[in-house]
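> I'd like to go over a predicted model; first the sequence, then the structure.
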Amino acid sequence: MKKRILLAAMALTWVLPAAAQDYPSKPIKIIVPFGPGTATDTVARVVGAAIGNRTGQAVVIENKPGAEGQIGAQAAATAPPDGYTIFITTQTTQAINPFVYKSLTYDPVKSFAPISGLSLGAQIVMVKNELPVKTIGEFIALARAQPGKLSFGSGNGSSRGGAELFRIMAKIDLLGVPYKTQPQAITDLMGGRLDIIFSDFTTGLPPVLDGRARGIAVTSKERIPGLDQFPTVNESGVPNFEMWAWTAAYAPAGTPRPMIDKLNALVREAVTTEAYKTLTKTTFAVPFPGTPEELAAFQASESKKWGEIVAIAGMKEP
């Protein structure tokens, strides 16, 4: 019996490297827990195209939005751990949801194998054109004059987190309105049905630059080169305010390490392509590829930070 077990174990060690060496031999699926047109979706499509070009295999993007990313996260967590499913997501599913919801259908740590970080970016603070404010200070004054009357929309956890932290640090009362996706929230802002949004640059910056909404600040600690016309929230009346959003790639837990290493190499190569460099340049994001271990450590630190933010802002759902 012991001899058979030993032989089986040896066979497995031979099979996995061989499988990794032939990888990929069929289409790869990328699950995105947010809708088409979102920042995460845009990153996934550029990365997927690069992987497809490098491997000669089709890369299929599956958008599964809803429930603050939980639907997509569950789909990724229960996918076969064979190296043919990549989960491209954000801090919403991996660092925020565990503190907001009493129970999840997935575990942000145990359900996934980290592959690599992808991008890190600040947010644009935007208000509807009809709102009579042009600065963060003016918005705070208006909110204090009309407590509970002004609304913010959010289509993901980082957007809500930015607005909630701002609300707490500025000592104002705002009405939060949740959306299935960020583009839906921005559409309502442009239609005058919301007052303010904290948004990623991919979905928020275009309507600001073409005049459909008014940008009043960015959430980085210092002004962003190329967007110097927008002051920071930190310098505009809310000292020490800072908010960043990130994207990263994971695989289902149990994916063999040789497959993870292959995926890590493919993702890190994708981040060096001209298409990805153009994406980060136009969205004012910073690439942050790394090892699986580095992503795991980064996620742990982000979970600690977001746990404190959720507690301070009172974001926990009943």
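The structure has been received and is ready for your questions.
> Could you check which helix or strand contains Phe87?
strand 85-90 (DSSP states H and E).
> Show me which residues of that strand are buried.
In terms of neighbour count (16 or more other C-beta atoms under 10 Å), strand 85-90 has its buried residues at 85-90. No exception for glycine: its C-beta is placed from N, CA and C like everyone else's.
> What residues of stretch 247-255 count as buried?
Applying 16+ other C-beta under 10 Å to stretch 247-255 flags 247-252, 255 as buried.
> mind listing the helices for the stretch 1-150 of the chain?
2-22, 39-55, 70-77, 91, 97-100, 136-145 (DSSP state H, counting those that start in this stretch).
> just how off-centre is the shortest one within its chain?
What separates the centre of helix 91 from the centre of its chain is 5 Å, taken as C-alpha atoms, centre = their mean, to the nearest Å.
> Show residues contacting it.
Here helix 91 makes contact (C-beta atoms under 8 Å, 6 or more residues apart in numbering) with 157-158, 245-246, 302, 306.
> cool, and the fifth one?
Residues lying outside helix 97-100 but in contact with it, judged by C-beta under 8 Å, 6+ apart, are 68-70, 73, 104, 108, 157, 303, 306-307, 310-311, 315-317.
> Could you pull up the mean pLDDT of it?
Mean pLDDT, computed over helix 97-100, is 94.
> CA atoms only: put it into CSV for me.
What follows is helix 97-100, C-alpha atoms only, in CSV (Å, rounded to 0.1, in the frame of the first residue of the first chain):
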residue,chain,number,x,y,z
ASN,A,97,-16.7,42.9,1.8
PRO,A,98,-15.6,40.8,4.8
PHE,A,99,-16.0,43.7,7.1
VAL,A,100,-19.3,45.0,5.5
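> buried sites along that helix?
97-100.
> Out of those, flag the one nearest to Val127.
Val100 (25.1 Å; C-beta to C-beta).
> Please list all residues in contact with the closest residue to Lys305 other than its chain neighbours.
Nearest non-adjacent residue to Lys305, counting by C-beta to C-beta, 6 or more residues apart in numbering: Ala95, 7.6 Å away. By C-beta under 8 Å, 6+ apart, the residues touching Ala95 are 108, 299, 302-303, 305-306.
> Ok, Met126 next?
Met126 neighbours (C-beta under 8 Å, 6+ apart): 186, 189, 196-197, 199, 204, 207-208, 213-216.
> now do Ala217
So Ala217 contacts 124-125, 135-136, 230-233, 236 (C-beta under 8 Å, 6+ apart).
> Quick check: which ranges of the stretch 201-318 of the chain have low pLDDT?
Residues of the stretch 201-318 of the chain that meet the criterion pLDDT under 70 lie in 318.
> Kindly calculate the angle that the lengthiest strand in the chain makes with helix 70-77.
For the chain, the longest strand by residue count, based on DSSP state E, is strand 112-121. Orientation of strand 112-121 against helix 70-77 (axes from the mean of the first three to the mean of the last three C-alpha atoms, to 10 degrees) gives an angle of 130 degrees.
> Strand 112-121: partners in the sheet, and parallel or antiparallel?
Strand 112-121 has the following sheet partners, assigned by DSSP bridges: strand 245-252 (antiparallel), strand 285-287 (antiparallel).
> Just to check, Pro289 is in contact with Val267?
Yes: proximity of Pro289 to Val267 meets the contact threshold set by C-beta atoms under 8 Å, at 6.8 Å.
> How much space separates the spatially most central residue of the chain from Thr105?
Centroid-nearest residue in the chain: Thr90, 2.7 Å away (criterion: C-alpha atoms, centre = their mean). Distance, Thr90 to Thr105, using C-beta to C-beta, to the nearest Å: 17 Å.
> Let's have the contacts of helix 91 in a markdown table, adding distance to Ala77.
Below are the contacts of helix 91 laid out as a markdown table (distance: C-beta to C-beta, whole Å):
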| residue | distance to Ala77 |
| --- | --- |
| Gly157 | 17 |
| Ser158 | 20 |
| Ala245 | 22 |
| Trp246 | 19 |
| Glu302 | 19 |
| Trp306 | 19 |
